[in-house]
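K.L.:
My questions are about this predicted structure, shown below with the sequence.
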Amino acid sequence: MLWLAVVLTALPLEVFAPRAAAFAVVWDKTLVDCNAQAQGYGLAAGLSVVQACALCPSLSLGIRDRAAEEVLLEGLAAFAYGFSPHVVLRPDGVLLRFTDNASPVGDPHLLVSRVTQGLEDAGYAFEVALAPTAVAAWLCARSGVRGVWTPKDPWRLALRSLPLAGLPLTDAVRDACSALGLARVGDLLDLPRAGLTRRFGREVVLLLERLTGERPEVADFWAPAPRFRRRLSFPHPVETDEALAFALARIVREWVAVLRAREARVGGFVVEMTYENGGSRSEAFTLTRPERDGQVLMRLMRDRLRDFRPPSAITAVTVSAPLEAAMEGSLPLWRDGQWREQGFRGLVDRLCARLGPESVRALSLYPDHRPERAAREGPWPMPGPEGPPARVLADRPTWLVDPPERLEVVGGVPRFHGPLRLARGPERVETGWWDEPAVRDYFVAVNPGNERLWVFCCARDEWYLQGYFA
């Protein structure tokens, strides 16, 4: 087997929107992690808040959000699921299991390259490594060694030089190893197993056996959720649409990585903003065509939230969406038609995002003989028609005159910019006694200017103009 380990090296920071100033995450009055700007002041994990503020008076602080970290890890696991169906969720990363031939892409180096590229596109801070055992891969990633080791490589020899800090040992065992001068994995492997068991317990020996592949590994594999959900907190509440768009762009990068890895698309999503006063607001987006292009998704959110003024400062933003299966299929014979359809649907999606879904309307056919009642207006997108499809008549124009315009009649011939010549017809339209009575004979007529018109004659020998042909 081959195991690929992905360790998020700045997980507590990942759940906060990036900041250009010094920022640190704290828990129980102690720094858990800090960004590069804070590290420039000499700050590091383990410092107390008092010490950190003394070194950097302008330091901004955020409380560690473990629930948001779990959500982020779920998104990372969903991304990893696109490379392997065997994913193990860890407290600060994921493990992927492959066969010795390594994944759908074949070459282990190519696999690591593709995973690395996807993680970089999503904006994660991470370390990645591949090795024949899960413990070895995790040790390499935790130690910052981006190695690609297969069973044919001298991977056990390479493990000996790695520090013990990357192994999941208890604090008591670490302290004992430090007191004995054991700093490298090789130092621990050289000791007799019986002595290790007496001094450190059986668990340490089992860990070393799993590390070297002497004992099989049992893993609890992760099952993907049918939804994407990502919450991003702001270190300080924001009130501008620029700051909100910056945070949404960070979420969209992760979102697109998950969609591409899962071969999925999104047909609708919800953006929820949490306010400083305790309130919240949700904006629902419905797409006419499932999408996974990050630029398209970001443009829709920008159009909807442009000039948005929240009633109170925003403390967090959440994006959630169901993941739909990809709808690739085969290309049509005439590709231009497909591109025109995509352009039209994209335009409608942008209009809905900018003007609101209630401002974009659509027409649909309705079973009524009278032309002025044969269509209904409704919200976009219109639901699919029930029953057999309606019959579309080629001799009926789409541009109707409402109400019909009465025509002048001279010598029994209707006139509109001159006398009309009846080119086709009649088509009788008649309603029953239970409805508004109507008896009409429709004709396609042509005037001297070669305009094609749709006219009708009612029972009283009166002529009316009903529509124009293109």
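P.N.:
Received, thanks. Quantities reported herein were computed from a predicted structural model and do not represent experimental measurements.

K.L.:
same for the host helix or strand of Arg198, what does it pack against?
P.N.:
Following DSSP states H and E, one finds Arg198 within helix 193-200. Judged by 3 or more C-beta pairs under 8 Å, 6 or more residues apart in numbering; DSSP states H and E, helix 193-200 is in contact with helix 171-179, helix 202-212. Every C-beta, even on glycine, is put in place using the N, C-alpha and C of the backbone.

K.L.:
Check which element follows the shortest one along the chain.
P.N.:
Translated: helix 171-179. Next along from helix 171-179, by DSSP H and E: helix 185-189.

K.L.:
same question for that following helix, mean pLDDT?
P.N.:
Mean pLDDT, helix 185-189: 92.

K.L.:
Now do it: distance to the chain's middle.
P.N.:
Computed by C-alpha atoms, centre = their mean, to the nearest Å, the chain-centroid distance of helix 185-189 equals 44 Å.

K.L.:
Could I have the CA atoms of that helix written out in CSV?
P.N.:
What follows is helix 185-189 as a C-alpha-only set of coordinates in CSV (Å, rounded to 0.1, in the frame of the first residue of the first chain):
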residue,chain,number,x,y,z
VAL,A,185,13.5,8.0,15.0
GLY,A,186,16.6,5.9,14.4
ASP,A,187,17.5,6.3,18.1
LEU,A,188,14.2,4.7,19.1
LEU,A,189,14.3,2.0,16.5
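
K.L.:
Go through it and flag the buried ones.
P.N.:
Neighbour counts over helix 185-189 (16 or more other C-beta atoms under 10 Å) mark 185, 188 as buried.

K.L.:
And stretch 165-179, by the same measure?
P.N.:
Residues 166-167, 169, 173, 177 are the ones in stretch 165-179 that count as buried (16+ other C-beta under 10 Å).

K.L.:
With respect to Val204, which of those residues is nearest?
P.N.:
Val173 (6.2 Å; C-beta to C-beta).

K.L.:
Parallel or antiparallel, which strands does the host helix or strand of Leu422 pair with?
P.N.:
Using DSSP H and E, Leu422 falls within strand 421-430. With DSSP bridges as the test, strand 421-430 is paired with strand 439-446 (antiparallel).

K.L.:
Can you dump the C-alpha atoms of the strand it pairs with in CSV for me?
P.N.:
In CSV, the C-alpha atoms belonging to strand 439-446 read as follows (Å, rounded to 0.1, in the frame of the first residue of the first chain):
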residue,chain,number,x,y,z
VAL,A,439,-65.5,33.4,-32.7
ARG,A,440,-62.5,34.5,-34.8
ASP,A,441,-61.1,33.6,-38.2
TYR,A,442,-57.3,34.2,-38.4
PHE,A,443,-55.3,34.9,-41.5
VAL,A,444,-51.7,35.6,-42.4
ALA,A,445,-51.9,38.9,-44.4
VAL,A,446,-49.3,40.9,-46.4
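
K.L.:
if we can go back for a sec, show me how far the strand holding Leu422 is from its chain's centre.
P.N.:
54 Å.

K.L.:
What segments of the stretch 301-450 of the chain are helices?
P.N.:
If DSSP state H, counting those that start in this stretch is used as the criterion, the helices of the stretch 301-450 of the chain fall at 335-355.

K.L.:
Tell me where it is predicted with low confidence.
P.N.:
325-346, 350, 353-354, 356-357, 363, 365-369, 373, 375, 380-395, 432-436 (pLDDT under 70).

K.L.:
mind checking how far Gly62 is from Phe83?
P.N.:
Gly62 sits 32 Å away from Phe83, going by C-beta to C-beta, to the nearest Å.

K.L.:
before we move on, what about Cys56?
P.N.:
For Cys56, the distance to Phe83 - C-beta to C-beta - is 40 Å.

K.L.:
nearest to Val87, of the helices and strands packed on helix 193-200?
P.N.:
Here helix 202-212 is closest among the helices and strands packed on helix 193-200 (C-beta to C-beta), at 18.4 Å.

K.L.:
what's the helix or strand following that closest one in contact with?
P.N.:
Sequence-wise, the next helix or strand downstream of helix 202-212 (DSSP H and E) is strand 227-238. Here strand 227-238 makes contact (C-beta atoms under 8 Å, 6 or more residues apart in numbering) with 15-17, 19, 23, 60-62, 65, 68, 71-72, 74-75, 78, 243-244, 247, 250-251, 254-255, 258-259, 266, 276, 312-323.

K.L.:
try 7 Å this time
P.N.:
Outside strand 227-238, the residues that touch it by C-beta atoms under 7 Å, 6 or more residues apart in numbering are 15-17, 19, 23, 60, 62, 65, 68, 71-72, 75, 78, 244, 247, 250-251, 254-255, 258, 276, 313-323.

K.L.:
Can you select the buried ones from these in PyMOL?
P.N.:
Here is the PyMOL command that selects the buried residues among the contacts of strand 227-238 (16+ other C-beta under 10 Å):
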select buried, resi 15+16+17+19+23+60+62+65+68+71+72+75+78+244+247+250+251+254+255+258+276+314+315+316+317+318+319+321+323
